[in-house]
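>>> Here is the input, now give the coordinates:
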Amino acid sequence: MPDAVPTDARTAFTDLRARMAQAIIGQENVIERLLIALLADGNVLVEGLPGVAKTRSVKALAKNLDATFRRIQFTPDLLPADVVGSTIYEQKTGEFRFEAGPVFGNIILVDEINRAPAKVQSALLEAMEERQVTVGGATHPLPPLFLVMATQNPIEQEGTYPLPEAQLDRFLMKVAVDYPPAADEGAILRLVRGEEQAKHGPAAAAPAPIPQQAVFDARAAMSHLTVAPAIEDYIVALVCGTRDASALDGELAGWIEVGASPRASIALDRASRAHAWLAGQDHVTPENVRAIAPDVLRHRLILSYEATAARVTAEAAVERLISVVAVA
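Have a look, this model is predicted:
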């Protein structure tokens, strides 16, 4: 018989994290960021080279949740209807009916998001921000549990469409994925070898999926975490520092052309609370804010020409920002 499902929200998330860690080796940061996005009810953009377990990560999340998983492979010839669905005429009844597209799921993997044209991007934008889809003048709500994890390859630029800033801003976080440590490479080989052997042996009983209610309970618990006024001021100071960096650091001011919007403050607050809740805390600390700030801010900054010419990255700008903004 499958194992019993934990009823306590924190126990459920601890179990979920452990299950994902068994399927993904060497990418603990990605696992944590996916759980933060799930807790904070946000979408996440994952950027990394091929073969670093981006797709495997979100599949492991969906596999262990009582959730519907959908994968959409973005290509240049993709149409909006291929994502959101379309209205179909039924000859037998003489009526039109809506045929839902793959975006009507709980966990949505959008693979190589920057390969689709602007029309498809705009269709996905409404789903991500409004949690609804409009087709033929009719609005169709998406499920209460809805998370988009989009991937893109940082080295392939041919045949791609750079994401507009408005869509980038809709992602709660942008997570950079690197190669796993060399020490974990052997464990990855053994894991894949074990999965191959399991295919030819008796099927093992899989643990019962964690119910969606555990996610909603965790979100409710997270909403009651204490956020002191000093922490709020720190979050605001970080975000406002991207807009008026000259008051903080002259070199940083020369790096940033356009800073983050108020949506960044909201995202940083939510992600910091989720980070604290996952750590078992009942309040948010500056360490929680600093830990998650690079993921929340890196895709919301537009760097100046001078910074680009000097090969200054958004990560370097965020690190500099954190170093010059003090907690009140």
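>>> Domains in the chain, by residue range?
With domains defined by automatic domain parsing, the chain comprises 9-197, 225-324.
>>> mind checking the end-to-end distance for the first one?
Counting by Cα to Cα, to the nearest Å, you get 34 Å between the two ends of domain 9-197.
>>> now do the last one
Its first and final residues considered, domain 225-324 spans 27 Å by Cα to Cα.
>>> what does stretch 251-265 give?
The straight-line separation of the ends of stretch 251-265 (Cα to Cα) is 23 Å.
>>> what does stretch 137-147 give?
The first residue of stretch 137-147 is 24 Å away from its last residue (Cα to Cα).
>>> in it, what counts as buried?
Of the residues in stretch 137-147, those with enough neighbours to count as buried (16 or more other Cβ atoms under 10 Å) are 140, 142, 145-147. In short, each C-beta sits where N, CA and C put it, glycine included.
>>> can you put these in CSV and add pLDDT and distance to residue 315?
Supplementary listing: the buried residues of stretch 137-147 in CSV, determined by pLDDT from 0 to 100; distance: Cβ to Cβ, whole Å:
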residue, pLDDT, distance to residue 315
140, 89, 38
142, 93, 32
145, 94, 31
146, 95, 29
147, 94, 24
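>>> Tell me which of the residues you listed fall in strands.
Using DSSP state E to define strands, the subset of these located there is 140, 147.
>>> any idea which of the buried residues of stretch 137-147 is closest to residue 53?
Ranking the buried residues of stretch 137-147 by separation from residue 53, with Cβ to Cβ as the measure, puts residue 147 on top at 17.4 Å.
>>> ok so, going back, any idea which of the domains of the chain gets closest to residue 219?
In this view, these are compared for proximity to residue 219 by Cβ to Cβ, and domain 9-197 is the closest at 6.2 Å.
>>> what about the strands in the chain?
In the chain, the segments counted as strands under DSSP E are 44-48, 69-73, 85-90, 95-100, 107-111, 132-135, 138-141, 147-152, 173-177, 256-258, 302-303.
>>> quick check: angle from the fourth one to strand 85-90?
By that I understand strand 95-100. An angle of 150 degrees separates the directions of strand 95-100 and strand 85-90 when computed by axes from the mean of the first three to the mean of the last three Cα atoms, to 10 degrees.
>>> and the domains of the chain, which one's lowest on average pLDDT?
Comparing mean pLDDT across the domains of the chain, the lowest value falls on domain 9-197: a mean of 88.
>>> Which residue lies closest in space to the one residue sitting closest to the centre of the chain, excluding its sequence neighbours?
Centroid-nearest residue in the chain, with Cα atoms, centre = their mean: residue 44, separated by 1.7 Å. Closest residue in space to residue 44, ignoring its immediate chain neighbours: residue 37 at 4.3 Å, by Cβ to Cβ, 6 or more residues apart in numbering.
>>> ditto for residue 88
Nearest in space to residue 88, with sequence neighbours left out and distances taken as Cβ to Cβ, 6+ apart, is residue 99 at 5.0 Å.
>>> List the buried residues in stretch 177-194.
Under the neighbour-count rule (16+ other Cβ under 10 Å), stretch 177-194 has 177, 180 buried.
>>> Check stretch 235-243 too.
Residues of stretch 235-243 classed as buried under the neighbour-count rule (16+ other Cβ under 10 Å) are 235, 238-242.
>>> Including distance to residue 223, could the residues you listed go into a markdown table?
A markdown table is the format used below for those (distance: Cβ to Cβ, whole Å):
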| residue | distance to residue 223 |
| --- | --- |
| 235 | 16 |
| 238 | 22 |
| 239 | 21 |
| 240 | 24 |
| 241 | 27 |
| 242 | 26 |
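>>> rewinding a little: export the strands of the chain as TSV, with columns for distance to residue 197.
Formatted as TSV, the entries for those read as follows, by distance: least, Cβ to Cβ, whole Å:
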stretch	distance to residue 197
strand 44-48	28
strand 69-73	25
strand 85-90	40
strand 95-100	38
strand 107-111	27
strand 132-135	42
strand 138-141	44
strand 147-152	29
strand 173-177	27
strand 256-258	52
strand 302-303	48
